[in-house]
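>>> Here is a sequence with its predicted model. Questions after.
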Amino acid sequence: TALGLRKECGESAAAIRNSYSPLGRATSAGPEAVEYYFEAVQAYEQTRVETAIALLDKAIALDSQFALAFFYRGLALSALFRTRSGFESCERTFQLRQRTTPRERAWIESQYYNLAGDRLHALEAYKENAFLYPDDGIFQRQLAYGYARLGQFDEALKCSQRAVELDPFSIINRAEQIVNLAEAMRYDEALAAYQDYRAQDLGGPVPNWGAALAYLGKRQYGEAQRLFESLGRTPEYSRWARQLTTMAPILEGDLAGAAFHLEGDLAYDIATHDEFRMLERRMWLGWTYFYLDNHGVALGLAQDLVASAVLPNYIFAWRAAGRLGATHGDQRIVEAALGG
């Protein structure tokens, strides 16, 4: 029917022919690789991220040109804060993006720009797919994320609500909605959305994050801590959750206790060569020591941050180093951060 309408409207045969793509171009020509890929997508949507990575590795082993498998692998690794390897996967899929359809190409570009810290170009790519495919919950969720990263929470909330309406069984859609509400300081609505998610018994601890942020906003620190600790009982989120559990002590004024906690975890990160975690904890420690008036240690941490690898997805570390340097009036650190 669509083909007949396009012909009647005068579209040329060449244009119609060029707009169709075989499945192998959208995904892979290998049916086994495609099966692994779709199983991985389902696992990712239910926050079984380690399972998704294992399945995507199998798909890539069967088809080294499988752009979308590299794409989802980048998403999954980034979700576990393995940002260097996540960005490497996204670089690979960015190189392969011309092999895919326009829909997948915009999707790939959005994630690449997001990991590279280019929020504006990422938002444009998110908008493109959300406009072209308004009934796809994934694209609505990603557009919500793009708006939220730029502080446009009213727009983010519209998109995250739409994503939940389109796919209410996606745990990630639920988590994005709750976080967006908490970030917009609509704490009671965030907690109501969290309770609705719990009532449906969807499983998965990730929405605890947004609910805990809402409790922090309401100064109910005990409830927030309970949810962060619950998140930490899931192995793949344990290191992230340990960092989040310092938020309540910081807000309650126990800066020395938070610093002690972060220092211990930083030592572990150094021992395990967890590069991303090292940067994040140094950033948090830098500001904690600043508020403790221990400016020597804060500047030392800024120097560590400014010595980090020059990777697009480490821009947060360079930004933190520059701000710490500027706050302390250390021009050398500011110049080094700007140069990076």
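On my side now, so go ahead.
>>> contacting residues around stretch 185-203?
If you take Cβ atoms under 8 Å, 6 or more residues apart in numbering as the criterion, stretch 185-203 is touched by 46, 157, 168-169, 171, 174, 177-179, 181-182, 207, 210-211, 213-215, 217-218. Quick note: C-beta positions are derived from backbone N, CA and C, even for glycine.
>>> after the one helix or strand Ala106 maps to, next one along is what?
With elements taken from DSSP states H and E, the one containing Ala106 is helix 102-115. Downstream of helix 102-115, the next assigned helix or strand under DSSP H and E is helix 119-132.
>>> Could you look up the SS state of Pro134?
What DSSP: H, G, I helix; E, B strand; the rest coil gives for Pro134 is coil.
>>> Please report the number of neighbouring residues for it.
11 (other Cβ atoms under 10 Å).
>>> can you pull the contacts of the closest residue to it other than its chain neighbours?
Closest residue to Pro134 apart from its sequence neighbours, by Cβ to Cβ, 6 or more residues apart in numbering: Gln140 at 7.6 Å. Going by Cβ under 8 Å, 6+ apart, Gln140 touches 130, 134, 159-160, 162-163, 166.
>>> now swap in Leu301 and tell me
Leu301 sits next to 282-283, 285-286, 289, 324 when contact means Cβ under 8 Å, 6+ apart.
>>> For Thr288, see how far away it is.
In this view, Leu301 and Thr288 are 9 Å apart by Cβ to Cβ, to the nearest Å.
>>> Next: Phe81.
According to Cβ to Cβ, Phe81 stands 20 Å off from Thr288.
>>> Repeat that for Gln65.
Gln65 sits at a distance of 46 Å from Thr288 (criterion: Cβ to Cβ).
>>> how about the nearest residue to Gly117 once chain neighbours are set aside, phi and psi?
Distances taken as Cβ to Cβ, 6+ apart place Ile315 nearest to Gly117, at 4.0 Å, with adjacent residues excluded. Dihedral pair for Ile315: phi -60, psi -30, per degrees, to the nearest 10.
>>> I'd assumed Arg119 was in contact with Ile315.
No: the pair Ile315 / Arg119 is not scored as a contact, 10.3 Å apart, by Cβ atoms under 8 Å.
>>> can you pull out the helices in the stretch 151-300 of the chain?
For the stretch 151-300 of the chain, the helices defined by DSSP state H, counting those that start in this stretch occupy 153-166, 171-183, 187-199, 208-217, 221-232, 238-244, 247-252, 255-271, 275-291, 295-306.
>>> Any idea how far the second one is from the middle of the chain?
Between the centre of helix 171-183 and the centre of its chain there are 12 Å (Cα atoms, centre = their mean, to the nearest Å).
>>> go on, the fourth one?
The offset between the C-alpha centroid of helix 208-217 and the centroid of the whole chain comes to 17 Å, using Cα atoms, centre = their mean.
>>> For that helix, which residues meet the burial criterion?
208-217 (16 or more other Cβ atoms under 10 Å).
>>> tell me the mean pLDDT for it?
Helix 208-217 shows a mean pLDDT of 96.
>>> One more: the last one?
Mean pLDDT, computed over helix 295-306, is 94.
>>> need the next SSE after that helix, C-terminal direction.
Of the helices and strands lying after helix 295-306 in sequence (DSSP H and E), the nearest is helix 315-327.
>>> quick one: contacts of that following helix?
With Cβ under 8 Å, 6+ apart as the test, helix 315-327 has contacts from 116-117, 279-280, 282-283, 286-287, 290, 298-299, 301-303, 305-306, 308, 331-334, 336-338, 340.
>>> could you check the angle helix 275-291 makes with that helix?
Relative orientation of helix 315-327 and helix 275-291, computed by axes from the mean of the first three to the mean of the last three Cα atoms, to 10 degrees: 20 degrees.
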